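> Please find the sequence and the predicted model below.
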Amino acid sequence: MTTSREDLLHAGLARDTLTVAAGRPRREHDAPVNAPIVLSTTYHETRAPEQGDRIYARGSNPTWDPFEEALGALEAADLPALVFGSGLGAAAAALSLVPTGGAVVMPRHAYAGSISLAADLAAQGRFELRTVDIADTASVLAELDALAGRFDAGQVMLWLESPTNPMLEVAELAVLTDAAHAAGAVVVADNTFNTPIVHRPLDSGVDVVLHSVTKWLAGHSDVVLGALVTSDPVLRERLLAHRTLHGAIAGPFEVWLALRGLRTLALRMERSQATAAVLAHRLVDHPVVRQVRYPGLPSDPGHGRAAGQFDGFGGIVSIELDDVVTADALVAAVRLWLPATSLGGVESLIERRRRQPAEPKTVPEALVRLSVGIENPDDLWADLDRALQQASDRHRDDRAKTPTVGIMNTQAGTTAGPMVDAPANAKTDATMD
């Protein structure tokens, strides 16, 4: 038994306090301060099983309870969260809410695993998949309106992700959620990037919140987990049934690690966001960087929406360089940043996203995603600045070494002068995506 979620919420505790206080064992004499790990596949039966009894570990494990209570409290849900063996396992459970023959409206830019899974299910005939520019409110509303005329209530799902991965587009969450509900749709929001420290989608009326716990919540790049949160008891029962019947369960040790990581979530997010803002502002003025995507920048298209909806701007920055060669050279040149996929750990990660074959083709080839960790911001900047300049210089040198091919003047029978390269930081049409 853990500290009551209702007691903590009714006490009016702040989110940073909840990360520490929620999911603790009750205050009883000789009881542990931290919830223990329970490693058991089955449980004693001294009578016929009743509703709520633990019978087999595929259905329940005491180690899950503290984490589920804590995450439910953080998202201000009326019910505990549900932990899954991975973020994609949680996404599969959420998509299972769409009946066969229904429809899903999903951002064209989102977690590649969610897009790939939805596309695979659509190809199998499970449902129609409609991808939209989630930042274009009018087009999303038009899509929902069109589907409302073809489908009954409960047959359509609106999938939200804001900011989007990796383009960091910002949606009008409450407006889209209200419109989706008016059209009879269920609304799921992936809150991985923001975490409940920055935003609570349930407060905007969203039905189900998804997390890749692997990322910010656990925060140490050492577990693979997912979670779903809802205040709707009917939806929660359906999601729980999917988890149990499909075996999408989490190992107790991984969940225990995730709860330990959750305890420092507020501190890590505070540091990551502060450093991300510093880096974003410096990158705007860097001669090698073509464009900076970060909702915290006043010049960013999503800044106004983010400032009005969120309690921060997150720890992800995306930058575009002039070409793929320079982007790959940047990733190869860093020494403190780690060239790896994933995000949300204490260490800062860098990746050119289009290296991943599942990444949407509308993501620019030379876009580099930065997941900002908790290192010293000046150290991160020094490494990034040096690597950017090194990547640009190397590309310029390589191009200078390439043999120049003259242009034959067919009328005169002579060769024209050498072709002139554009400056390394020129914004040419050839590199536009």
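That came in fine, so what should we check first?

> State the distance from residue 374 to residue 273.
Counting by Cβ to Cβ, to the nearest Å, the gap from residue 374 to residue 273 is 11 Å. Any C-beta I mention is one placed from the backbone N, CA and C, and that applies to glycine too.

> Please read the previous query as pertaining to residue 115.
Taken as Cβ to Cβ, the span from residue 115 to residue 273 is 26 Å.

> When those two are compared, which one has more neighbours?
Using other Cβ atoms under 10 Å, the more surrounded residue of residue 115 and residue 273 is residue 115, with 23 against 20.

> Mind checking what secondary structure that one has?
Under the three-state scheme (DSSP: H, G, I helix; E, B strand; the rest coil), residue 115 adopts helix.

> What residues does it make contact with?
Applying Cβ atoms under 8 Å, 6 or more residues apart in numbering, we find residue 115 in contact with 106, 131, 358, 360.

> and if you look at residue 215?
Residue 215 touches 87, 192, 342-345, counting by Cβ under 8 Å, 6+ apart.

> is it true that residue 299 touches residue 284?
Yes. With contacts counted by Cβ atoms under 8 Å, residue 299 reaches residue 284, the gap being 7.4 Å.

> Of the two, which one has the most company?
Neighbour totals were compared for residue 299 and residue 284, and residue 284 leads with 15 against 8 (other Cβ under 10 Å).

> Distance of that one relative to residue 246?
In terms of Cβ to Cβ, residue 284 sits 46 Å off from residue 246.

> repeat for residue 126
In terms of Cβ to Cβ, residue 126 sits 14 Å off from residue 246.

> of those two, who's got more company?
Neighbours were counted for residue 126 and for residue 246 using other Cβ under 10 Å; residue 126 has more, 18 against 15.

> All the strands of this protein, residue numbers only.
82-84, 102-107, 127-132, 156-161, 186-190, 208-211, 226-230, 291-293, 316-320, 338-339, 349-352, 367-371, 408-409, 414-415 (DSSP state E).

> Just tell me which of the ones you listed ends up closest to residue 258.
Smallest distance to residue 258 across the strands of the chain (Cβ to Cβ): 7.7 Å, for strand 82-84.

> elements contacting the closest one?
helix 64-74, helix 87-95, strand 226-230, helix 233-246 (3 or more Cβ pairs under 8 Å, 6 or more residues apart in numbering; DSSP states H and E).

> sorry, back to before: of the strands of the chain, give the one that comes closest to residue 177.
Of all the strands of the chain, strand 186-190 comes closest under Cβ to Cβ, at 5.0 Å.

> So for that closest one, mean pLDDT?
Mean per-residue pLDDT for strand 186-190: 98.

> Can you dump the C-alpha atoms of that strand in CSV for me?
This file holds the C-alpha atoms of strand 186-190, laid out as CSV (Å, rounded to 0.1, in the frame of the first residue of the first chain):
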residue,chain,number,x,y,z
VAL,A,186,-11.1,9.8,-28.5
VAL,A,187,-8.0,11.9,-27.9
VAL,A,188,-4.6,10.6,-27.0
ALA,A,189,-1.6,12.9,-26.3
ASP,A,190,2.0,11.8,-26.2
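
> contact partners of it?
91, 94, 97-98, 110-111, 114, 154, 156-162, 173, 176-177, 180-181, 201, 204-212, 235.

> one more time with 6 Å, if that's ok
94, 97, 157-161, 177, 180, 201, 206-210 (Cβ atoms under 6 Å, 6 or more residues apart in numbering).

> Then stretch 346-356?
Under Cβ under 6 Å, 6+ apart, the answer for stretch 346-356 is 166, 220, 327, 331, 334, 337-341, 359, 363, 365, 367-375, 380.

> which stretches of this protein form helices?
Per DSSP state H, the chain carries helices over the ranges 5-10, 15-21, 64-74, 87-95, 112-123, 137-148, 173-182, 195-198, 233-246, 252-262, 265-284, 303-309, 324-333, 377-401.

> Make JSON lines out of those helices and add mean pLDDT.
Shown next, in JSON lines, are the helices of the chain (pLDDT from 0 to 100):
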{"stretch": "helix 5-10", "mean pLDDT": "58"}
{"stretch": "helix 15-21", "mean pLDDT": "96"}
{"stretch": "helix 64-74", "mean pLDDT": "97"}
{"stretch": "helix 87-95", "mean pLDDT": "98"}
{"stretch": "helix 112-123", "mean pLDDT": "96"}
{"stretch": "helix 137-148", "mean pLDDT": "97"}
{"stretch": "helix 173-182", "mean pLDDT": "98"}
{"stretch": "helix 195-198", "mean pLDDT": "98"}
{"stretch": "helix 233-246", "mean pLDDT": "98"}
{"stretch": "helix 252-262", "mean pLDDT": "98"}
{"stretch": "helix 265-284", "mean pLDDT": "98"}
{"stretch": "helix 303-309", "mean pLDDT": "98"}
{"stretch": "helix 324-333", "mean pLDDT": "97"}
{"stretch": "helix 377-401", "mean pLDDT": "86"}
